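**Q** prediction below, plus the sequence it came from.
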Amino acid sequence: MSRIITLTTDFGDKDYYVGAIKGIVYSINPLASIVDISHQIKFGDIGEASFVIKAAYKCFPKGTIHLVVVDPGVGSDRRIVIVKSNDYYFVAPDNGVLSYAIDQLKDIKIFEVTNKKYFLKNISHTFHGRDIFAPVVAYLAKGVAAKEFGEKIDNLVVSSIKKVYKKDQTLIGEVVYIDKFGNLITNFTPHDLSSLRNIYVRINNCEMFQINSFYAQSKIGSLLAIWGSYGYLEISVNQGNAEKYLNAKKGDIVSIRESK
Amino acid sequence: MSRIITLTTDFGDKDYYVGAIKGIVYSINPLASIVDISHQIKFGDIGEASFVIKAAYKCFPKGTIHLVVVDPGVGSDRRIVIVKSNDYYFVAPDNGVLSYAIDQLKDIKIFEVTNKKYFLKNISHTFHGRDIFAPVVAYLAKGVAAKEFGEKIDNLVVSSIKKVYKKDQTLIGEVVYIDKFGNLITNFTPHDLSSLRNIYVRINNCEMFQINSFYAQSKIGSLLAIWGSYGYLEISVNQGNAEKYLNAKKGDIVSIRESK
Amino acid sequence: MSRIITLTTDFGDKDYYVGAIKGIVYSINPLASIVDISHQIKFGDIGEASFVIKAAYKCFPKGTIHLVVVDPGVGSDRRIVIVKSNDYYFVAPDNGVLSYAIDQLKDIKIFEVTNKKYFLKNISHTFHGRDIFAPVVAYLAKGVAAKEFGEKIDNLVVSSIKKVYKKDQTLIGEVVYIDKFGNLITNFTPHDLSSLRNIYVRINNCEMFQINSFYAQSKIGSLLAIWGSYGYLEISVNQGNAEKYLNAKKGDIVSIRESK
């Protein structure tokens, strides 16, 4: 059986781009099983793609190949890499798009993809998704070893992940991702807050005095904090949209301290 | 072979949510066949989801499992149910989202999903789609019997379906759904109009004097009434958008009587 | 094994329409493999659909069936056709939606789809995607011969493809498609420009003096011309949106001449 291939791109759903990738994969590997994660990553937003694939990859069976094509440097000399962890493969341009996932993985091996044997014959300047990434993941899913695609390398472009820090008695974090519901995903982990008994959360001049167990614990339309499915504290509005409620954006500061 | 699993949610297509559900399903049931119906249900709009799944479910092979996750009460004590009809399974939060489908089905059996053996080990407060619904449908598709997931129960939250009624000599119905083309789907059935010979339709101060056999029977840009694919009378504009034309919204009154 | 079926429609992703087609296909042909190309073709835009399927079809394995349902004449007497080339099948309303693909294909055979044996029993007036197209492609993928669906015919509705022409010393082309990134796809082919050494490109009072090898060769935010993945010259902005930059629309004139 073929490995599952997942797709995360900024290609949208209007054009032929995603279909082209799938067509090439099936042409090379008729048994491929392809699963879309998202094609609505904001155009060229490497950080957003990195956050989405980090949340998604663990849900898939061992052996799954995660292809991430958010690639503003397409056609330039940016590298293409295969990252192999114990359980998964990641294929992506080497531009930091795997930073969040890498932050969680141990014992990774990195290969630079250079072997044109596994590319289409004619390589366009603008669509390596079709011409390079698609055939590479198709062959990888067929069982071609990662090392066949190019040399093992020992470094990777990685963006620094912003961690919560302490200033006086206050923990300072920020909004790192906003989902389609307007939930504000912060970078606070349960570990960051483990020593606090009574919690005081502040963002954009609004405050919360507890962490909810579920949305409906607050009134409809109320702002609330809750541990979200990404593993981080989220700021939400029960049956509403916290992004609009707070006029929030990525990078907005969230501060948390012991409630007096 | 595994049963087909369909997905109807309000998760959108930007985030990792739909991908996560698919990943969990494939992890448990590698032979699963998953088909998206819609992930663009309006956020928390139980009525809209109910109408969409009612229209879609019959198109699928017998044995198909229809998962509907529009779940504003996620994390609260709302129940999760499996509804088994002669031909299909439905898995959903017990919040009325199956009302339209139930209205058409006979001999249904209802099971409350409580057996944690079929959930993920760690259950988040915000994403039961991944943590409960996905593994449940994966095991159901594998052949685990509905009764294994929890006790048979005998009631379900059901919203009343608005039916056409008669006032003097006029039949009063309403717009119950608006599709992406701006077609206004009403609750008039062929049965409702079977005794009328010449028809007069009125909505928002506009009137029509016939039911079209096809769109192009009216001029481009003209308002028209036509029997639509949902099985109801629809108000449309030929190659246009009736929602915009009439500034219409769900709940708008449609009245029909014998033409003079 | 069943042939792959691709879908290109203007149905959007909110309603049950695409799900219905898939459900019918799987009901008739449980081994079908369905791949979405696009459901975001602009409502009724035959030219846009024609351009998208032309770009996509070649990426798929031989034997693939390409279903295109952009069908403003649904329910009228417009014909439905199967076009069979050496490598692919196309199924579509006969309204010009295959014009770009046909322009590239040789030795095609055309069949008018009339055999109700391969339709659903009840045919709606508004949704032939579900009632006719879906069962037809399901049976075609199962191996039913094209001639079984209806008579061989020898003509097809074809829209003329606008070609580049010469006026004085200048080549005149136009924008024929705009993708979701705002890239302006023109109708200039490499052949059109093969005799020019130094190039001067003009569109909407902006000018370019070279064809880029890759986006990043120009500064971020700069307008550029580049050979795109469709096989045509594209006008783009590096990490930006040329449609917005130029306030461009389909049909805008692009003129190219030898640079002085």
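**A** Perfect, thanks for sending it. Numbering: from 1, shown residues only, chains lettered A, B, ... in the order given.
**Q** grab the nearest non-local neighbour of the residue in chain A that chain C sits nearest to.
**A** As assessed by CB to the nearest CB, chain C sits closest to residue A:75 within chain A, at 2.8 Å. Heads up, the C-betas are built off the backbone N, CA and C, glycines and all. Closest residue to residue A:75 apart from its sequence neighbours, by CB to CB, 6 or more residues apart in numbering or on different chains: residue C:214 at 2.8 Å.
**Q** do residue A:235 as well
**A** residue A:184 (4.1 Å).
**Q** what is the neighbour count of the residue nearest to residue A:75?
**A** Look at residue C:214: counted by other CB atoms under 10 Å in any protein chain shown, it has 18 neighbours.
**Q** thought it was touching residue A:76?
**A** Yes. Residue C:214 is within contact range of residue A:76, at 5.1 Å (criterion: CB atoms under 8 Å).
**Q** output the longest strand belonging to chain A.
**A** Using DSSP state E, we find that the single longest strand of chain A is strand A:170-178.
**Q** direction included, what does that strand pair against?
**A** strand A:165-167 (antiparallel), strand A:184-186 (antiparallel), strand A:253-258 (antiparallel) (DSSP bridges).
**Q** so for that strand, mean pLDDT?
**A** In this model, strand A:170-178 carries a mean pLDDT of 97.
**Q** what helices or strands is whichever strand or helix holds residue A:235 leaning on?
**A** Using DSSP states H and E, residue A:235 sits within strand A:233-237. Applying 3 or more CB pairs under 8 Å, 6 or more residues apart in numbering or on different chains; DSSP states H and E, we find strand A:233-237 packed against strand A:184-186, strand A:199-203, strand A:223-227, helix A:242-246, strand A:253-258.
**Q** CA atoms of the third one as PDB?
**A** To tie it back to what came earlier, the one meant is strand A:223-227. Only the C-alpha atoms of strand A:223-227 are listed here, as PDB (Å, rounded to 0.1, in the frame of the first residue of the first chain):
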ATOM      1  CA  LEU A 223     -15.100  36.900  25.900                       C
ATOM      2  CA  LEU A 224     -13.400  33.900  27.400                       C
ATOM      3  CA  ALA A 225     -10.100  32.000  27.700                       C
ATOM      4  CA  ILE A 226     -10.000  28.300  27.100                       C
ATOM      5  CA  TRP A 227      -7.400  25.500  26.400                       C
END
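**Q** what's that strand packed up against?
**A** Checked by 3+ CB pairs under 8 Å, 6+ apart, strand A:223-227 has strand A:206-208, strand A:233-237, helix A:242-246 packed alongside it.
**Q** again, 7 Å this time
**A** Judged by 3 or more CB pairs under 7 Å, 6 or more residues apart in numbering or on different chains; DSSP states H and E, strand A:223-227 is in contact with strand A:206-208, strand A:233-237.
**Q** in the first one, what's buried?
**A** Of the residues in strand A:206-208, residue A:208 count as buried by neighbour count, 16 or more other CB atoms under 10 Å in any protein chain shown.
**Q** what does chain A have sitting close to chain C?
**A** A:12-16, A:19-20, A:22-24, A:26-27, A:30, A:43-44, A:72-76, A:124-127, A:130 (CB under 7 Å from any CB of the partner chain).
**Q** where do the domain boundaries of chain A fall?
**A** Following automatic domain parsing, chain A resolves into domains at A:4-153, A:165-258.
**Q** could you say which of the ones you listed is packed most deeply?
**A** domain A:4-153 (a mean of 21; mean count of other CB atoms under 10 Å in any protein chain shown).
**Q** that domain spans what distance, first to last residue?
**A** End-to-end distance for domain A:4-153: 25 Å, by CA to CA, to the nearest Å.
**Q** off-centre distance for that domain?
**A** Counting by CA atoms, centre = their mean, to the nearest Å, domain A:4-153 is centred 13 Å from the centre of its parent chain.
**Q** now that domain: mean pLDDT?
**A** 96.
**Q** direction included, what does the helix or strand where residue A:35 lies pair against?
**A** Using DSSP H and E, residue A:35 maps to strand A:33-38. Applying DSSP bridges, strand A:33-38 is found paired with strand A:4-9 (parallel).
**Q** can you tell me what sits against the helix or strand following the partner strand?
**A** For strand A:4-9, the following helix or strand on the C-terminal side (DSSP H and E) is helix A:17-28. With contact meaning CB atoms under 7 Å, 6 or more residues apart in numbering or on different chains, helix A:17-28 is reached by A:5, A:7, A:9, A:11, A:32, A:34, A:39, A:129-130, A:134-135, A:137-139, C:4, C:6, C:35-38, C:56, C:59-61.
**Q** list the helices and strands the helix or strand containing residue A:47 packs on?
**A** In this assignment (DSSP H and E), residue A:47 forms part of helix A:46-57. Helix A:46-57 sits against strand A:4-9, strand A:33-38, strand A:65-69, helix A:99-102, strand A:170-178, helix B:17-28, with contacts defined as 3+ CB pairs under 7 Å, 6+ apart.
**Q** give me the pLDDT for residue A:1.
**A** Value for residue A:1, per-residue pLDDT: 57.
**Q** chain B contacts on chain A?
**A** So chain A meets chain B at A:4, A:6, A:13, A:35-38, A:40, A:52, A:55-56, A:59-61, A:179-181, A:213-216, A:226-229, A:239 (CB under 7 Å from any CB).
**Q** the same query, at a cut-off of 8 Å, please.
**A** Within chain A, the residues that sit near chain B (CB under 8 Å from any CB of the partner chain) are A:1, A:4, A:6, A:8, A:13, A:33, A:35-41, A:52-53, A:55-56, A:58-61, A:64, A:179-181, A:212-217, A:226-229, A:234, A:239.
**Q** tell me which of the helices and strands packed on strand A:233-237 sits nearest to residue C:205.
**A** Residue C:205 sits nearest to helix A:242-246 of all the helices and strands packed on strand A:233-237, at 38.4 Å, using CB to CB.
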